[in-house]
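Enquirer: Okay, sequence plus prediction incoming.
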Amino acid sequence: MTELEKLRKAKIPCPETGITVRHTLCDICTPDNHCGVDAYVLDGRVIKVEGTKEHPHNHGLLCTKGAANREYIYREDRLRTPMRRVGRRGEGKFVPITWDEAYDEIVRRLDAVRREEGADAVAFFSGYTKWYRTLLKRFAYSFGSVNYGTESSVCFDATFMAWAATTGSFAVPDLDRAATYIGWGYGPHYSGHLSVGGMQAFKERGGRLLIVDPKITPAVKMADLHLQLKPGTDGALALGIAKVILDNGWADMDYVEKHTAGFEEYRAEVQKFDLKTVEEITGVAPKLVAAAAELIATGGPACMHQSASPITQHRNGFQNYRAILALLALTGNYDCPGGNIPIHFTYNYQAAGFATREREYTTATRPAGDRTRIGADRFPVWNLFQDEFQAMDLSRQILEGTPYPVKALFACGMNLLMFPDTDQLRRALEKLDFFVDIDLFETPCTRYADIVLPACTSFERGEYRVYPSGHSFYTKPVIDPLYESRSDADIITDLARRLTPEDTLLCQGYEAAIDYILQDLSISVAGLKDSEFPVMTPEARPPRVGLTRTQGCPTPSGKFEFSSTLLARCGVNPVPNYPENLRRPEGGRKFILATGVRLPNALHSRLHKVPWLRSLRPEPMADISLADAARLELERGDTVRLTTDGGSLCVKVNPTSTVLPGTVHLFHGYEKANVNALLPADWLDPCTGFPAYKSIGCDMEKCPAPDGEKG
Ligand SMILES: Nc1nc2c(c(=O)[nH]1)N[C@H]1C(S)=C(S)[C@@H](COP(=O)(O)OP(=O)(O)OC[C@H]3O[C@@H](n4cnc5c(=O)[nH]c(N)nc54)[C@H](O)[C@@H]3O)O[C@H]1N2
Ligand SMILES: Nc1nc2c(c(=O)[nH]1)N[C@H]1C(S)=C(S)[C@@H](COP(=O)(O)OP(=O)(O)OC[C@H]3O[C@@H](n4cnc5c(=O)[nH]c(N)nc54)[C@H](O)[C@@H]3O)O[C@H]1N2
Ligand SMILES: [Mo]
């Protein structure tokens, strides 16, 4: 082997090999984990990725998913050209067309629906990807539709609503100054690995960690105390912990009296949850509940994991979350050093310690008048707190046409398999007059579209990011867009120029939007582009602690509301509660099925077809306990039929010591083992409209073969 061949084989960047290193970010998971990536590029192709050492957020680290970026962006099923459907909806028969042909048809069809049915009959939707949402929302509004909605209908927003209804703002843990961390639904090794280092440091300096989780996870190994409750019973547990705190006189009554509202109503609810009742509902032994109460109340200051979704994705998820929040006020751990501190969002769901004009940008062209968004009537609490439609009502409204028809859908990255009762959405998509879907890959959802457009990945575009540390980053493309793909922002801009020419700011595109959003700051797109790495935003400041104690909370009462004024106005029980009818979370069935609990190799629908990641768990598998496996005579790789009120599915099992007897855990997003088909369309939390993905009664029996080996 020559010297040059050796250098090339080792992928050494230097003039001899022609390999260069360019900096970008990984956008496979959630924006608070968008890690810096070094892309090694040869002849316009990424040949290797590493974490960026200079990146202030990940300091050179990448998780399993990030390390597979090269395989992700070069997935064989990347969409290559715009396409028009020629077969039946769902059949997957398309012909390639030019971008101009695609745009002409989209403009003609959306315009026709707007003329004939009104602009609200066109819904605009975004899947999990978030970077283009500012533009998409403005596009929907400039088009004249109030119907902009996203995947946030099932993700972080219920958590946000719980905080907003209770305190008026979202608040993050002040781990640096805490003595106890309440890791309620905290599993960072799989869903947010960058926080693990901070937790290790916290433990090393003597911090105490409480984990409340139905599974044994790597975080449990770090814990001082683990309460392994039945999925979805968090509200009963939190109310039970509150009772122990009150009974022992451990509550911070000074805080309660000065800064809270509705304590008496809350205390009355708490009285119902004695240790025996709590054990019956949650399965947690009384002495562990008491120990948790003592730790939270006397081991302070204590702060809690903000938990994006596993607490709220249950029938009583919203109230469960509020019951946990109430513990912060009861123990005086809200808005104090070492507690949870209120923050404001800066841009794209991130709080970075400075204000931007994102909201002005997105709402400037909002249609006037009191028009009803999809889901507004059915989910009034959602509608009060959220500036989006509730996507869990989309298929119903398309099918039933009430309160008005929805005839067309413009979607960026819509995943059919995200929705409970996938078949109902299929039927709705079949009924639409017109459906455009923009994606990276051919998916079960693109197969229903009339026009499919190919988007490009974060490696092929430039985008603005902020980080909680106060850093700003503007990436540059590290390779050209693959095939004929374009960035979502460019596609939206191209269409805006044709459909909403009067919105001149939107028509100027993404960079102009970011410059508008940053106009009050000393940074700009041009300046940020000069830097290879994130830069500190000069205006960034750490959150101010204790303001709500002097100036009050931004709630109607100005207090931390145990009993929420706004919820009462919506006709919802204003006090955190755990209703009688959920006391047996498995209902009449023998098991509780929890779907989508995170795995290190899977992220929703996007990574099942990435070979490296798929090799870590080659087939869809349901995790069951060793005790249940023994009782049902099941071994790893045997197949079971899971049956719920929504349907049934055959899948292989993975007996493990990490899950409770009586529970079954199965990840979602597999094409041929689509667990969301087991959830009825109305299996939702009535307050938020959130699907109860993580607890549904199910039966399990041995059966001959799985439904899908490869999906
Ligand atoms: N690898 C991977 N990472 C991801 C994702 C992914 O799909 N894969 N998804 C991203 C997204 S969209 C989100 S919203 C975040 C979610 O991130 P987080 O909100 O932080 O939650 P998770 O990590 O999903 O879950 C944390 C723990 O909650 C536990 N849990 C499950 N059900 C319950 C319950 O009923 N009660 C309690 N107390 N605990 C429960 C799980 O066992 C898990 O260990 O993760 C993001 N990161
Ligand atoms: N059963 C069950 N279901 C769940 C969950 C669960 O825990 N259990 N979790 C829920 C949660 S918390 C969330 S956040 C949602 C996730 O929401 P989904 O929207 O289902 O997430 P993904 O499947 O990751 O992405 C959706 C689509 O976006 C495409 N995409 C990726 N990048 C881009 C891009 O840059 N542009 C465009 N146009 N498209 C892109 C992907 O190829 C994919 O087809 O799933 C929810 N569904
Ligand atoms: Mo999510």
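Expert: Everything's here; your move. Ligands and ions are numbered 1, 2, ... in the order given.
Enquirer: From here on, just use CA atoms for contacts and neighbour counts.
Expert: Noted.
Enquirer: Within range of ligand 1, give me the residues from this structure.
Expert: 29-30, 155-156, 184-188, 190-192, 212-215, 217, 231-232, 234, 307-311, 597-604, 694 (Cα under 6 Å from any ligand atom).
Enquirer: Check residue 711 and give its pLDDT.
Expert: pLDDT recorded at residue 711 is 53.
Enquirer: related to what we said a few turns ago, just the buried residues out of the residues of the chain next to ligand 1, in PyMOL syntax.
Expert: To isolate the buried members of the residues of the chain next to ligand 1 in PyMOL, using 16 or more other Cα atoms under 10 Å:
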select buried, resi 29+30+155+156+184+185+186+187+188+190+191+192+212+213+214+215+217+231+232+234+307+308+309+310+311+597+598+600+601+602+603+604+694
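Enquirer: so which of the residues of the chain next to ligand 1 also contact ligand 2?
Expert: 155, 309, 597, 603, 604.
Enquirer: Tell me how many other residues crowd the residue nearest to the third one when sequence neighbours are not counted.
Expert: In space, not counting the residues next to it along the chain, residue 597 is nearest to residue 667; the distance is 6.3 Å by Cα to Cα, 6 or more residues apart in numbering. Other residues lying near residue 667 total 23 when counted by other Cα atoms under 10 Å.
Enquirer: same check, this time on residue 48
Expert: Neighbours around residue 48, by other Cα under 10 Å: 17.
Enquirer: next one: residue 321
Expert: Number of residues near residue 321 (other Cα under 10 Å) recorded here: 27.
Enquirer: Same question for residue 503.
Expert: Neighbours of residue 503 (other Cα under 10 Å): 17.
Enquirer: Any stretches of this protein with poor pLDDT?
Expert: 707-711 (pLDDT under 70).
Enquirer: got the residues of it near ligand 2?
Expert: 127-129, 151, 154-155, 309, 412-415, 418, 438-441, 443, 455, 457, 488, 595-597, 603-606, 668, 676, 693.
Enquirer: Among those, which lie within helices?
Expert: residue 488 (DSSP state H).
Enquirer: quick one: which of the residues of the chain next to ligand 2 sit in strands?
Expert: Taking DSSP state E as the definition of strands, the residues of the chain next to ligand 2 contribute 412, 438, 439, 595.
Enquirer: what's the most distant pair in those residues?
Expert: 438 and 595 (26.5 Å; Cα to Cα).
Enquirer: Mind checking which of these two has more residues around it?
Expert: residue 438 (27 against 23).
Enquirer: Spatially central residue in this structure, please.
Expert: By Cα atoms, centre = their mean, the chain has its centre lying nearest to residue 155, at 3.8 Å.
Enquirer: That one against residue 314, yeah?
Expert: No. The pair residue 155 / residue 314 is not scored as a contact, 11.9 Å apart, by Cα atoms under 8 Å.
Enquirer: Mutual contacts of these two, please.
Expert: Taking Cα atoms under 8 Å, 6 or more residues apart in numbering as the contact rule, residue 155 and residue 314 have no neighbour in common.
Enquirer: Would you map the strands across the stretch 351-500 of the chain?
Expert: Per DSSP state E, counting those that start in this stretch, the stretch 351-500 of the chain carries strands over the ranges 408-412, 434-439, 451-454, 464-466, 471-474.
Enquirer: Sorry, wrong one. I was asking about the stretch 151-300 of the chain.
Expert: Along the stretch 151-300 of the chain, counting by DSSP E, counting those that start in this stretch, strands occupy 170-173, 180-184, 208-212, 225-227, 260-261.
Enquirer: Distance to residue 430 added to these, as JSON lines?
Expert: As requested, those are exported to JSON lines (distance: least, Cα to Cα, whole Å):
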{"stretch": "strand 170-173", "distance to residue 430": "39"}
{"stretch": "strand 180-184", "distance to residue 430": "41"}
{"stretch": "strand 208-212", "distance to residue 430": "42"}
{"stretch": "strand 225-227", "distance to residue 430": "46"}
{"stretch": "strand 260-261", "distance to residue 430": "49"}
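Enquirer: sorry, back to before: JSON lines for the ones in strands among the residues of the chain next to ligand 2, including distance to residue 500?
Expert: Formatted as JSON lines, these follow (distance: Cα to Cα, whole Å):
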{"residue": "412", "distance to residue 500": "18"}
{"residue": "438", "distance to residue 500": "19"}
{"residue": "439", "distance to residue 500": "23"}
{"residue": "595", "distance to residue 500": "41"}
